[in-house]
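Novice: please work out how this folds:
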Amino acid sequence: MKSLITAAILSLSILHAQQNQGHLSIKLEMQETIKKGNAYLRSKQHKDGYWGEPSLPAFTAYALRAQLSDPSLDLKKPLPANLGEGLDWLAAQQKKDGGIYSTGLATYNTSSAIMALYIADPVKYKEAIVKARGFLIGQQTDWGVKNESDDSFDGGIGYGGSYEHSDLSNTHLALEALYHTRSLATDTGEKKVTELDWGAALEFVSRCQNLQATNDTENAGNDGGFVYFPGNSKAGEELDENGKTALRSYGSMSYAGLLSLVYADLDAEDPRVKAVIEWLSNNYTLTENPGLDQQGLYYYYHVMAKTLAAANIPALETKAGKEVDWRGELSTQVINAQREDGSWINKTARWMENDPILVSSYAVMTLEQIHATLQ
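Specialist: You can find the predicted model right below:
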């Protein structure tokens, strides 16, 4: 994606110098918090190598990713035995169709697994990753006339199985996995490598955005934020500026939407990019997942850190005109929420965020993402 902050670097140079001083003081605290969080995760690993329930390989993938991205870990050296065991268990869950899952939520589990295997050792796990990529690509929706985006769900990816329709959460996770591992697919030696229809994927993502200029669905709003899928927002509905009933945008999906636009390589001046950044700036908060209160709060933190880092956005300007050092504020928020045993938990249970393994993985990965952006 062309730099979103070319102008911002010039106008915010003094702010960034101040931020860097603050980041230096919190960096060691982040490292200690990450260390304690990963110690907690290690203590919860099953003797067979997995974390949480074996029916959800994504939990193992997230716990592995948190530990593999620890700034104290040297990936050039042999991995700790427990990580090797976890990775071997995860790779062993691959099915004949290429997916890495147990009995359901196939794309969610596969996308998460691909990222863990890729971070650990893209050479060792290349064959498994390439097969898993093929599985994800095969899950892209194309209802109605083939190769035409004539259905609002076309181009996206859903959970798979009984969940037939596409959604932005699964789509952005799949795009993340496919984007980061694309070099492996082009290096297989095969004459033709199956690839995702990125144009169709972008069309689906656009249909999840409340932006009428680029969204042709009936109940699209116009504030620039994103919803779960065309016709559905977990935040419900609201009246737009013209008194029309529209889907309500919310925080976690708006960050997932921007991240999808980054992976689709949109220019910073694209109206979709500009609109969602404006929405995120106007709705910036760390006390809730905007539009959903405490639901999915740590998912929100994680996707926020991934997205703003990937988009190369060092600061957000709030509706009041304040420049926000999101890295400093978010890291402090997560550090302060860590429990005595090193874990995190969301008291609001929706989307399994009452599970300390999942939430601790989100929290550690959030801090690691921020840590990786600091000088």
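
Novice: excluding its backbone neighbours, what's nearest A39?
Specialist: Leaving aside its chain neighbours, A39 sits nearest to G342 (5.6 Å; criterion: C-beta to C-beta, 6 or more residues apart in numbering). C-beta: built from backbone N, CA, C; applies to glycine.

Novice: that neighbour reaches K36, doesn't it?
Specialist: Yes: counting by C-beta atoms under 8 Å, K36 is a contact partner of G342 at 4.1 Å.

Novice: find the helix or strand that the residue nearest to A39 is a member of.
Specialist: If you go by DSSP states H and E, G342 is not part of any helix or strand.

Novice: might you report the residue contacts of it?
Specialist: By C-beta atoms under 8 Å, 6 or more residues apart in numbering, the contact list for G342 reads 36-37, 39-40, 360.

Novice: report pLDDT for it.
Specialist: pLDDT recorded at G342 is 98.

Novice: repeat that for A185.
Specialist: A185 carries a pLDDT value of 84.

Novice: next, count neighbours for it.
Specialist: Other residues near A185 number 19, with proximity taken as other C-beta atoms under 10 Å.

Novice: I'd say it and V130 touch.
Specialist: Yes: counting by C-beta under 8 Å, A185 does reach V130; the two are 6.0 Å apart.

Novice: how about the secondary structure of the most centrally placed residue in the chain?
Specialist: Centroid check for the chain by C-alpha atoms, centre = their mean gives V303 as the closest residue, at 4.4 Å. Applying DSSP: H, G, I helix; E, B strand; the rest coil to V303 yields a three-state assignment of helix.

Novice: for I157, same thing?
Specialist: Put simply, I157 is coil when judged by three-state DSSP.

Novice: ok, now G37?
Specialist: helix.

Novice: return the residues in contact with it.
Specialist: 66, 338, 342-344, 360, 363-364, 367.

Novice: try A120
Specialist: Taking C-beta under 8 Å, 6+ apart, we find A120 in contact with 64, 68, 75, 79, 83, 87.

Novice: for Y118, same thing?
Specialist: Y118 is in contact with 125, 129, 177, 180-181, 184, counting by C-beta under 8 Å, 6+ apart.

Novice: centre of the chain to stretch 322-340, how far?
Specialist: 18 Å (C-alpha atoms, centre = their mean, to the nearest Å).

Novice: now do the same end-to-end measure for that stretch.
Specialist: This stretch, stretch 322-340, spans 34 Å end to end (C-alpha to C-alpha, to the nearest Å).

Novice: can you redo the contacts of Y118 as TSV with neighbour count and distance to E195?
Specialist: Shown next, in TSV, are the contacts of Y118 (neighbours: other C-beta atoms under 10 Å; distance: C-beta to C-beta, whole Å):
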residue	neighbour count	distance to E195
Y125	23	20
I129	26	15
A177	25	13
H180	16	14
T181	21	12
L184	19	12
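
Novice: tell me where this protein has strands.
Specialist: Listed in chain order, the strands found in the chain under DSSP state E are 237-239, 245-247, 316-317, 323-324.

Novice: out of those strands, deepest packed?
Specialist: Highest mean neighbour count of the strands of the chain: strand 245-247, a mean of 19 (counted as mean count of other C-beta atoms under 10 Å).

Novice: out of the strands of the chain, the one nearest F226 is which?
Specialist: strand 245-247 (9.4 Å; C-beta to C-beta).

Novice: ok, that closest one: who's next to it in the sheet?
Specialist: Partner strands and pairing direction for strand 245-247 (DSSP bridges) are strand 237-239 (antiparallel).

Novice: contact partners of the strand it pairs with?
Specialist: Identification of contacts with strand 237-239 by C-beta under 8 Å, 6+ apart yields 219, 221, 245-248.

Novice: which residues in the chain form helices?
Specialist: 6-11, 13-43, 57-68, 81-91, 106-120, 126-138, 168-180, 182-185, 198-207, 251-263, 271-282, 297-310, 326-336, 356-373 (DSSP state H).

Novice: now, of those helices, which is deepest in the fold?
Specialist: By mean neighbour count, with neighbours taken as mean count of other C-beta under 10 Å, helix 251-263 ranks first of the helices of the chain at a mean of 28.

Novice: what helices and strands are in contact with it?
Specialist: Here helix 251-263 is seen to pack against helix 168-180, helix 198-207, helix 271-282, helix 297-310 when contacts are counted using 3 or more C-beta pairs under 8 Å, 6 or more residues apart in numbering; DSSP states H and E.

Novice: related to what we said a few turns ago, which of the contacts of Y118 lies closest to G296?
Specialist: Using C-beta to C-beta, A177 comes nearest to G296 of the contacts of Y118, at 20.1 Å.

Novice: isn't the closest one right up against R133?
Specialist: Yes: in terms of C-beta under 8 Å, A177 counts as a neighbour of R133; the distance is 7.4 Å.

Novice: got any residues that touch both of those two?
Specialist: Joint contacts of A177 and R133 (C-beta under 8 Å, 6+ apart) are I114.

Novice: please name the nearest non-neighbouring residue to G99.
Specialist: F135 (4.3 Å).

Novice: and Q295, how close does it get to K234?
Specialist: Relative to K234, Q295 is positioned 8 Å away (criterion: C-beta to C-beta, to the nearest Å).

Novice: same question for M115.
Specialist: Computed as C-beta to C-beta, the M115 to K234 distance reads 24 Å.

Novice: do the same with G49
Specialist: The value you get for G49 to K234, if C-beta to C-beta is used, is 33 Å.

Novice: shaky segments in the stretch 1-150 of the chain?
Specialist: Regions of the stretch 1-150 of the chain meeting the criterion pLDDT under 70 cover residues 1-22.

Novice: and the contacts of A120 as CSV, adding distance to K319?
Specialist: Formatted as CSV, the contacts of A120 follow (distance: C-beta to C-beta, whole Å):
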residue, distance to K319
L64, 39
L68, 38
L75, 41
L79, 45
L83, 43
L87, 44
